[in-house]
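A.B. asks: 3D model of this:
(4 chains)
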There are 4 protein chains.
Amino acid sequence: MSHEKYQSLIQTLHDCMEACNHCYNACLQENDVKMMAECIRLDRECADFCGYLEQALGRGTPFAEELASVCARICEACGNECKKHDHEHCQKCAEACFTCADACKGIA
Amino acid sequence: MSHEKYQSLIQTLHDCMEACNHCYNACLQENDVKMMAECIRLDRECADFCGYLEQALGRGTPFAEELASVCARICEACGNECKKHDHEHCQKCAEACFTCADACKGIA
Amino acid sequence: MSHEKYQSLIQTLHDCMEACNHCYNACLQENDVKMMAECIRLDRECADFCGYLEQALGRGTPFAEELASVCARICEACGNECKKHDHEHCQKCAEACFTCADACKGIA
Amino acid sequence: MSHEKYQSLIQTLHDCMEACNHCYNACLQENDVKMMAECIRLDRECADFCGYLEQALGRGTPFAEELASVCARICEACGNECKKHDHEHCQKCAEACFTCADACKGIA
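C.D. replies: Numbers count the residues shown, from 1 in each chain, chains lettered A, B, ... in the order given. Okay, here's the model as predicted:
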């Protein structure tokens, strides 16, 4: 079953989604919102896609490889943006994104 | 059929979702992003919910009334925030949100 | 922070979403799919809404109460349908749905 | 602006999403639900992804090409399944899916 086969990836996607949503929320409350604009955009995009893929795997999608390949690309872009910023939520999010990108590449 | 019964609301939800996504994207590119933070947050929340309800109605959800009632509340909050800002995308979005809030109340 | 305040509900929503997606996938592979049609529909509706609310809480939505109130209603409807069927995935899903409905009512 | 550049694709994605949600809903009410199980699954997957891409383009996603490439693959799979069934909603959905797959390939 897909759900079991992908259990570890599902958890990694979930952690990344949570880190991105947390970073998104925190960025919107920073003083330097202008500087965080791309971070806000990519956090939300990445959270949405990781959340989507997590659920798709949980219901046996036949498109796991293709979706994981795009997800890796989005996670990498988000991680690269987050890495630029010193806020703790950004640094943690970058880490979660790179971990998730690697996990996605393992499937794709 | 739900799809036909709600044809007009589906279109209104769609127009609101498009206005919110456009306003979200434009706000992220403004110089005064800090001032637009709540607008960014609510635009995205409102776009997501309108898009969700549009699709739920299109596949015959049995929860049309309850969902429309929450949607009205979200549209109103987003419209009230957008109304405060002079950017054309905000003013247009406020209008789309209030129209959609009214349409949702008509069902709820 | 919303994320921390709602930590327990977020986990309950997540468990319910997983049970619903698993039940959806399993129902589509049963021999008696006709009998499972409403279960398939409600599983998917419930998974989508729980997943949405989980993420909305994770990014500090100002609409927690209203969304939780609708979510309780959807979880209850899904639980009532699942309860009718003897499949283990349906019985487990019913349980997750009722637990989640109660947790949502605690917020709403 | 992305929103304008992709206006025609956005409409095609929307039409495909609507056809898939309508087909999903109709399949769940057919007498031969068992025979429609894969159609139900793919309709829903395709509707979700087209709806997601439509919105992502509407807010200027930097991943248009990658997402369109996966979308083409999902639309094709859904169209191939729908084409097998004589129901009018399946035939119409197949047509919408193939049109959308072509439009996505034009971007990807």
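
A.B. asks: what about A:Cys90, distance to chain D?
C.D. replies: Distance, A:Cys90 to chain D, using C-beta to the nearest C-beta, to the nearest Å: 18 Å. For the C-beta atoms, the positions are set from N, CA and C on the backbone; glycine is no exception.

A.B. asks: Contacts only, for the nearest residue to that residue once chain neighbours are set aside.
C.D. replies: Leaving out its chain neighbours, the residue that sits closest to A:Cys90 by C-beta to C-beta, 6 or more residues apart in numbering or on different chains is A:Cys82, at 4.4 Å. Residues near A:Cys82 by C-beta atoms under 8 Å, 6 or more residues apart in numbering or on different chains: A:Cys23, A:Cys39, A:Leu42, A:Asp43, A:Cys90, A:Gln91, A:Cys93, A:Ala94, A:Cys97.

A.B. asks: After the helix or strand of chain A with the lowest mean pLDDT, heading C-terminal, what element do we hit next?
C.D. replies: Within chain A, no helix or strand scores below helix A:2-5, which has a mean of 65 by mean pLDDT, DSSP states H and E. The first helix or strand that comes after helix A:2-5 along the chain, using DSSP states H and E, is helix A:7-27.

A.B. asks: Which secondary structure elements does that following helix sit against?
C.D. replies: Contact here means 3 or more C-beta pairs under 8 Å, 6 or more residues apart in numbering or on different chains; DSSP states H and E; on that basis helix A:7-27 packs against helix A:37-58, helix A:64-83, helix A:88-107, helix C:2-5, helix C:37-58.

A.B. asks: Just give the number of residues close to A:Glu88.
C.D. replies: 10 (other C-beta atoms under 10 Å in any protein chain shown).

A.B. asks: Repeat that for A:Lys105.
C.D. replies: Neighbour count for A:Lys105, taken as other C-beta under 10 Å: 15.

A.B. asks: Reformat the contacts of A:Cys82 as CSV; add neighbour count.
C.D. replies: As requested, the contacts of A:Cys82 are exported to CSV (neighbours: other C-beta atoms under 10 Å in any protein chain shown):
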residue, neighbour count
A:Cys23, 33
A:Cys39, 27
A:Leu42, 26
A:Asp43, 29
A:Cys90, 23
A:Gln91, 14
A:Cys93, 32
A:Ala94, 22
A:Cys97, 29
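
A.B. asks: secondary structure element for A:Glu30?
C.D. replies: Assigned by DSSP H and E, A:Glu30 belongs to neither a helix nor a strand.

A.B. asks: who in chain A is up against chain C?
C.D. replies: Within reach of chain C by C-beta under 8 Å from any C-beta of the partner chain, chain A has these residues: A:2-3, A:14, A:17-18, A:21-22, A:24-25, A:47, A:51, A:55, A:58-60.
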